[in-house]
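Peer 1: I'd like to go over a predicted model; first the sequence, then the structure.
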Amino acid sequence: MTACREPASVLIERLSNGETTSLELTEACLAEITSHDGAVGAFLHVAGDSARQAAESIDRRRAAGEPLGRLAGLPVAVKDVLVTRDQPTTCGSRMLEGWTPPYDAHTVEKLRDADAVLIGKTNMDEFAMGSTTENSAFGPTRTPWQLDCVAGGSSGGSAAAVSAGFAPLAVGSDTGGSIRQPASFCGVVGLKPSYGRVSRYGLVAYASSLDQVGPFARDVAGAAMLLEVLAGHDRRDGTSVDQPVPPYGQQLEKPVDGLRIGICPDHFGDGLDPEVREAVERALDIYRGLGADVQEIELPHSRFAVACYYLVAPSEASSNLARYDGIHYGRRTDDHDGLVEMYSNSRGAAFGTEVKRRIMLGTYALSAGYYDAYYLKAQKVRRLIQQDYSQAFADVDVIASPVAPTPAVRLGQLTDDPLQMYLADAYTISANLAGLPGVSIPAGFSQDGRPIGLQLLANAFTEDRLLRAAAMHERETDWHLATPTFAGDAC
Amino acid sequence: MSETHSAEPSHGQLTREDVLKVARLARLGLDESEVEEFTGQLGQVLGYVGILEEADTEGVEPLAGASERTDVLREDEPGESLTRDQALSGAPRHDDRFFLVPPVLDTSAE
Amino acid sequence: MPSPTTIIGLEVHVQLQTRTKIFCGCANRFNPDEPNVQTCPVCLGLPGALPVMNRRALELSVRAGLALSGTIAGLTKWDRKQYYYPDLPKAYQISQYDLPFCQGGHLDVDVEQENGEIQSRHIRLIRVHLEEDAGKNLHDESGRGGDSRVDLNRAGTPLLEIVSEPDIRSAAEARRYLEEIRLLMVYLGVSDCNMQEGSLRCDANVNLEISNSANESIRTPIVEVKNLNSFRGVEAALVYEISRQQREFEQCGGIYADTAKQTRGWDADRGVTFAQRGKEEASDYRYFPDPDLLPVSFSDEWIEIQRAELCEPPADRRRRFVAELGLSEYDAGVLVDRGRETADYFEAVATACGDAKQAANWVTQDVLRELNEREETIESFPIDAQGLASLLGMITSGDLTTRSGREVFSSLMNNQGGDGSIVERIASIVEERGLSAVADSGALETVIDAVISRNEKAAEDFRGGKDAAIGKLIGEVMREVGGADPNAVRETLISRLRP
Ligand SMILES: [Mg+2]
Ligand SMILES: [Zn+2]
């Protein structure tokens, strides 16, 4: 088994006691990328040289006994939606192809401060819009478990990178499930923090009121470790919360006393794949076995979540993506007759279909005559959804559910039917609308070997408890230890 | 909000003209097949979101974001600016001093 | 046919005097010579960058709102106003839509009417809101259709928008309103309102209400005249536009096919307004609350703290100068309109010398004349208020004649009198030139008697009724007694010759 497939905590241990060096680890990851990423498509940019240099410099500092950051020497892959001053940032779009930003995202600064080795930028649905990473302008990402199936999305590249052993840790972003769903499809742990827990400064906006940066790891401890690095107050993001970051990793061994798990019957209705249902029920049995109290809860407005999300997110997106106008950065087409055409033709040529679809939807929802019926109505429903959750969390510590209705789908299976694709986000979307933390943890496989995740949601800013609840399940199972086979036909 | 924000939604009845109008507003050049595709698909999505009418939102305050904090301010203290080269570095066209754009023809004498 | 009623509303944009821009730490500085050097990811609208509100911009805004008698909102928020223009890097302007920080308010302005009477006009305000300024497009002037250039130094400058009700009734009134807003903003330290640099700009909405031949009241379509950037420009553009609308009304007989609001520009060189090409479609700004900026709440305590920072507004100060200091309306206007520092200087002189009228005379005439000649501001005036007050005090007490006072004043302006304080320099100038008025009347009388006896003929002529003859006698006395008060000399001579 390659070194990079070990959990992050094990690798940190080995690095600090001298069993391995950062350069060795970095080389091992780069070798895995060379062998397999042609088939997986996890990276848009591999920063081999700068990663080696960073690794060597950290090894030297370690040898000299200098103090090092908490991720010292560990390769980390970063979703291409976070700006990096030394690596191109494309957001999976032709629009930004070739652009190297003049600044680092807050979370990228945090990774550098923690002495992580930034190994490259990962593939994603264009501007984070999509659930399969098929909307990347640079080709899809496949789940390393079955190469004719998608990695999920939009953070498909980061999920696949961790799953494939290209990097022990990766950073993603989640606007409607974009960390949790690919984590489920790739069999890794992926956590979306509470809104405001992690700074969005330098996270290229899709839907500002929903976007949040979060960690991918092979196990819960790795996710906790990376979250500790990413989280924290940033004065450059007004929505970032000024609350201390708890030591998430410290208490993971400690089960949540009298854990109360809520399940919502609506989550187990028609359209749920039987194998997914089975995996979730098995997980619930494990929790029951650990003494948890599993009780039914009501989320009366959850049936509106998809509709609410697909008004709020595209509305904000239509505004956030207006800045790509071919003037200050990004693509401009030469094919135009004057300024107005320059705008339209540049945007028409450089944006992919799903981005255009959401810009159209959002522009329509905000336009004169429709604001009240669409955007404003969605905001009111959003409050009802949030209220449902605050009521539910009065009675339970976490809410368990599937992450997605099915395991990873085949490439091309949903691309022609946007509405069906949107409906598949039903389980993950509410956490973003309500600002709640959620995690996807490995909970089994389909008969044909595709991973299945379990989603746990918790009340805002209770990531510590959420992670402890996730760790309880992980200790009883070994799904997270399985390694992908790169099976299937990668054409 | 203002009276411009009050017309009835046309769930699922999106016309080709609606699509063209929205594309113009969004400065989004669409080819013929996209116009046709979007007319159907957006109509379908708008039809679906009509489900929200079933939610009773009488007296419910809209929720703009998950954060309900207020009063996040910065002090009026200088921060770092970019150099001009950095500012222009991503621009498709510039002359080392300014961003360049096709002529902005918004005025014409009578 | 009764004369038409002019209906004007102004939208005034005022750049705030903060150190940094509204949402980032870039310098808020007029800098046209070095384009694109005051930008950062935030004001360039780079992907990923986020705005954070400048506290000082809020404070200055609320002070302006209070000084305009507006109602400060308990909670205010920012919205995105979306349109495409190359000087707007995010393709939306962060502005305020339905919850501006200030609603209502008013400004009273004194306007000279055509008959010369001064009338006080009460101009109501709709709202005041805080938004970000755009950058600047520079168009190719060659006429060859070359590229436009974009400078984003100004992008993100905090901008106050003050929107009036359509209460303004003439071009002159519009100009006065704008001048008064400028003065108020400068007094408050909210803005430098430098029109050359664009820190005060104005758009005007104007139309006419005219009776047609059937005695029906018809309104001409509203025209928005954009980008008026001088006081003269505002007045001239409105004068032109009012007569243009009247002409048009007469030509079309009050029948308008299209009553949609029209946008026109002002060509200052040709002195005409001109139709601006219609937008691609009716504007649809798709306002929605900016999810990156959280709302701001103002507590009553905080608002009171801002109120305490307000100075006396210029209108109140003019009134007080007239009512309490006994100044003429004219002098009060000159002193106050010249700016807060000049009015402060005057008040300091008036208080210290105890004679407000004399202080007003000296400041409006001597001091302002010197400032105008030197093209300097009161801050760099070489005679401080204490110094001028002591000079005026000497005149009031009779220690110096007015004439000698002027001589001392101009000596001080020419840096004479050594290098002590102004008061010390005055003393040394008076001493050096023997300007001290002769307090000892006996000595003066001795000199007068001697002059009369030396000039028999002139004395006789005066006694015989030739008034002009006294001039020669006064001149001689003055030559002998440098600091003598010419009026006192004249009176003593008269009492001697025509007892
Ligand atoms: Mg405005
Ligand atoms: Zn800036």
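Peer 2: Done, it's in. Ligands and ions are numbered 1, 2, ... in the order given.
Peer 1: residue contacts, A:Met95?
Peer 2: By C-beta atoms under 8 Å, 6 or more residues apart in numbering or on different chains, the contact set of A:Met95 is A:324, A:330-331, A:347, A:350-351. In short, each C-beta sits where N, CA and C put it, glycine included.
Peer 1: Let me know the closest of those residues to C:Tyr187.
Peer 2: A:Tyr324 (43.7 Å; C-beta to C-beta).
Peer 1: Neighbours of the closest one, how many?
Peer 2: Using other C-beta atoms under 10 Å in any protein chain shown, A:Tyr324 has 27 other residues around it.
Peer 1: Which residues are in contact with it?
Peer 2: A:Tyr324 neighbours (C-beta under 8 Å, 6+ apart): A:95-96, A:330-331, A:347, A:350-351.
Peer 1: gap between the spatially most central residue of chain B and A:Val10?
Peer 2: In chain B, the C-alpha nearest the mean C-alpha coordinate belongs to B:Ala26, at 6.2 Å (C-alpha atoms, centre = their mean). According to C-beta to C-beta, to the nearest Å, B:Ala26 and A:Val10 sit 49 Å apart.
Peer 1: so after the lengthiest strand in chain C, what's the next helix or strand?
Peer 2: Across chain C, the strand with the greatest residue count (assigned by DSSP state E) is strand C:118-132. Once the chain leaves strand C:118-132, the next helix or strand it forms, by DSSP states H and E, is strand C:136-138.
Peer 1: what sits up against the next helix-or-strand element following that next one?
Peer 2: Later in the chain than strand C:136-138, the nearest helix or strand by DSSP H and E is strand C:148-151. With contact meaning C-beta under 8 Å, 6+ apart, strand C:148-151 is reached by A:327-328, B:95, B:97-104, C:32, C:35-36, C:86-87, C:135-140.
Peer 1: Helices - which of these land there?
Peer 2: The members of these all map outside helices under DSSP state H.
Peer 1: Now, of those, which are buried?
Peer 2: Using 16 or more other C-beta atoms under 10 Å in any protein chain shown as the burial test, the contacts of strand C:148-151 include A:327-328, B:98-102, B:104, C:35-36, C:86-87, C:135-137 as buried.
Peer 1: What are the buried residues along the worst-scoring helix or strand of chain A on mean pLDDT?
Peer 2: Counting by mean pLDDT, DSSP states H and E, chain A has its least confident helix or strand at helix A:418-423, which shows a mean of 86. The neighbour-count check on helix A:418-423 (16+ other C-beta under 10 Å) flags A:418, A:421-423 as buried.
Peer 1: Can you spell out which helices and strands pack onto that helix?
Peer 2: If you count contacts as 3 or more C-beta pairs under 8 Å, 6 or more residues apart in numbering or on different chains; DSSP states H and E, helix A:418-423 packs onto helix A:305-320, helix B:32-49.
Peer 1: Out of the ones you listed, the one nearest C:Ala359 is which?
Peer 2: The nearest among the helices and strands packed on helix A:418-423, by C-beta to C-beta, is helix A:305-320 at 58.1 Å.
Peer 1: Next, the angle helix B:32-49 makes with that closest one.
Peer 2: Put simply, helix A:305-320 runs at 130 degrees to helix B:32-49, going by axes from the mean of the first three to the mean of the last three C-alpha atoms, to 10 degrees.
Peer 1: after helix A:305-320 comes which helix or strand?
Peer 2: helix A:339-350.
Peer 1: which other residues reach that following helix?
Peer 2: A:93-95, A:324-326, A:330-333, A:335-336, A:356, B:23-24, B:26-31, B:101-105, C:84, C:86, C:280.
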